[in-house]
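*Asks:* kindly generate the corresponding structure for this input.
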Amino acid sequence: MNIFRQTYKTKSGTTGKISKFYIEFFDHNKLRHKIPAFADRRASEAFSRNIESLLNCRISGLEPDVKLNQWLETLPSNILRKFTSWGLIDGQRAEITKPLSEHIADYIKTFESKDFSRDYVVRTRNRLKRIVSDCRFYYFRDITKSAVEIYLGKLKKDGYSTTSRNHFVDALRTFLNWAQADSRILNNPLAKFEKEARNSARKGILTPEQFVCLIQTTFKKNVLLGNISGQERAVLYVLAGTTGLRRNELLNLTWSDINLSGDNAFVKVRAAIAKNRTEALQPIPAIAVNLLAAFKTATTQNRVFAGLGTWINTAGLIRGDLTAAQIPLKDRDGNDICFHSLRNSYITWLANSTTPAKVVQRLARHSDFRMTYDVYARVLPDAEQKAISFLPDFGSMFSEKKFAHQFAQTDRKAGTLIDNHRQRNGYNTHINALLAVSQIAPRGFEPLLPG
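*Replies:* The predicted model follows:
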């Protein structure tokens, strides 16, 4: 390593030296390089020692230690690009000094190139930009777990729900996962970040009879709410209640996602719109097939529910239709009925049928069995009574009169047996009592008695 100041000729012909030091060295390929350092010699020497350590790591094939990594993260992007072009570091380390805004722009482009809905892309971008801006994260190295926790605490004070706060965490953590997979960072600082447990209110459910009443009333009255007809809302409710699809999944369905032919009718939930990002084929019952087939002929749009924007207040829609159908807005347990209640009801109806538990969990598209049965599935009012009807039936073997007669006979026989036992054993009982009394030692002579 050679540390020096470059000389230059002045207009008067004299020789001068520039204020900044330069470092000259040979790399692992025996190629000579020159790089500017600092005006201070000691700072330039420290810079030179770090370059030498980096070069030794490259020659030995070892990874830079923590201290050297921290130094690399402080370097400007133009220096890192030089190190990358010389082969001293890989491109991944050079990425860490690009502003987060550039990485986010690349990330959003990958979203747009996939089959994600426009609504989802916009919400993800806005949440990501907001948390990065509010936390003052300019580079990857600025992102820390503690800073995110402080920000979530501020959101909580501002009245944001647990679900909303978790959305911000998901946006940032998913972005960091992408950056790590794309070799832009070495590790995701939020990889082990625990989201807050949701404490959302329990959703109400509809009984099968209430669901049928809701569909029939909404379809027949066909009340126009905004630009949405009652018939279109009825189709939406039917599909939600017979497939268990979530609101966002329903509103982003296209007709190419629905197969109405044959006995194997299904709706395809694309990975791009599914909550768990996993494609699924949900079977459709015959009544829903007929309704969808008729609805399809009446529309020319590619999106199934084109009349409903992705920001539509579905909770307000179903409350209005429940009121019109004279159905209470709370279930028997006092839980509010909302649009998501259609999914809860779907899972409840399956769980109260003879459908195997594993099939119910699969149709609910839950990875955790407890989510299906502890959170979603409820017990219908007559389910317990129906359950005991499957217990063994003795037919006419016993009647109420026969039972009464048998119990009366048993009581009399039991009384006779007890009296006979007392008479047979009574004398012996008295003798045993007298013998026991005679064996008690007189007071004061206890120690003289044997054993």
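*Asks:* any idea which element residue 129 lies in?
*Replies:* helix 118-134 (DSSP states H and E).
*Asks:* oh, I was asking about residue 56
*Replies:* helix 41-60.
*Asks:* buried residues, the helix or strand just after that helix. List them.
*Replies:* Downstream of helix 41-60, the first helix or strand assigned by DSSP H and E is helix 66-73. If you call a residue buried by 16 or more other Cβ atoms under 10 Å, then helix 66-73 has these buried ones: 71-72. C-beta here means a position set from N, CA and C on the backbone, and glycine is covered the same way.
*Asks:* same question for stretch 131-144.
*Replies:* Buried-residue list, stretch 131-144, by 16+ other Cβ under 10 Å: 131-132, 135, 137, 140-141, 143.
*Asks:* ok, so of those, who is nearest residue 378?
*Replies:* Residue 378 lies nearest to residue 131 out of the buried residues of stretch 131-144, by Cβ to Cβ, at 36.3 Å.
*Asks:* ok, now which ones touch the closest one?
*Replies:* Applying Cβ atoms under 8 Å, 6 or more residues apart in numbering to residue 131 gives the contacts 137, 148, 151, 168, 171-172.
*Asks:* by contact count, what packs against the helix or strand hosting residue 239?
*Replies:* According to DSSP H and E, residue 239 maps onto helix 230-243. In terms of contacts (3 or more Cβ pairs under 8 Å, 6 or more residues apart in numbering; DSSP states H and E), helix 230-243 is packed against helix 208-221, helix 247-251, helix 286-297, helix 314-324, helix 341-351.
*Asks:* need the winner for burial among the ones you listed.
*Replies:* helix 341-351 (a mean of 24; mean count of other Cβ atoms under 10 Å).
*Asks:* angle of that helix against helix 230-243?
*Replies:* If you take axes from the mean of the first three to the mean of the last three Cα atoms, to 10 degrees, helix 341-351 sits at 40 degrees to helix 230-243.
*Asks:* helix 341-351: what's the following helix or strand?
*Replies:* In N-to-C order, the element after helix 341-351 by DSSP H and E is helix 357-364.
*Asks:* contacts for stretch 312-326?
*Replies:* For stretch 312-326, contacts defined as Cβ under 8 Å, 6+ apart pick out 213-214, 216-218, 221, 223, 225, 228, 230, 233, 236-237, 247, 251, 308, 328-329, 337-339, 341-342.
*Asks:* recalculate using a threshold of 7 Å.
*Replies:* Outside stretch 312-326, the residues that touch it by Cβ atoms under 7 Å, 6 or more residues apart in numbering are 213-214, 217-218, 221, 223, 225, 233, 247, 329, 337-339.
*Asks:* pLDDT weak spots in this protein?
*Replies:* 91-97, 198-200, 393-451 (pLDDT under 70).
*Asks:* how about the residue nearest the centre of it, phi and psi?
*Replies:* In the chain, the centroid-proximal residue (Cα atoms, centre = their mean) is residue 276; its distance is 7.4 Å. For residue 276, the backbone dihedrals (degrees, to the nearest 10) come out as phi -90, psi 10.
*Asks:* before we move on, the earlier item: tell me which residues in the helix holding residue 129 are buried?
*Replies:* Of the residues in helix 118-134, those buried (16+ other Cβ under 10 Å) are 124-125, 127-128, 131-132.
*Asks:* dump it to CSV, keeping only the CA atoms.
*Replies:* Extracted in CSV, the C-alpha atoms of helix 118-134 (Å, rounded to 0.1, in the frame of the first residue of the first chain):
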residue,chain,number,x,y,z
ARG,A,118,-53.8,-2.9,-8.8
ASP,A,119,-55.5,-2.2,-5.5
TYR,A,120,-53.0,-4.4,-3.6
VAL,A,121,-50.0,-2.9,-5.4
VAL,A,122,-51.0,0.6,-4.5
ARG,A,123,-51.8,-0.2,-0.8
THR,A,124,-48.4,-2.0,-0.4
ARG,A,125,-46.5,0.8,-2.0
ASN,A,126,-48.2,3.5,0.1
ARG,A,127,-47.7,1.6,3.4
LEU,A,128,-44.1,0.9,2.5
LYS,A,129,-43.3,4.5,1.6
ARG,A,130,-45.0,5.8,4.7
ILE,A,131,-43.2,3.6,7.3
VAL,A,132,-39.9,4.3,5.6
SER,A,133,-40.5,8.0,5.6
ASP,A,134,-41.9,8.3,9.1
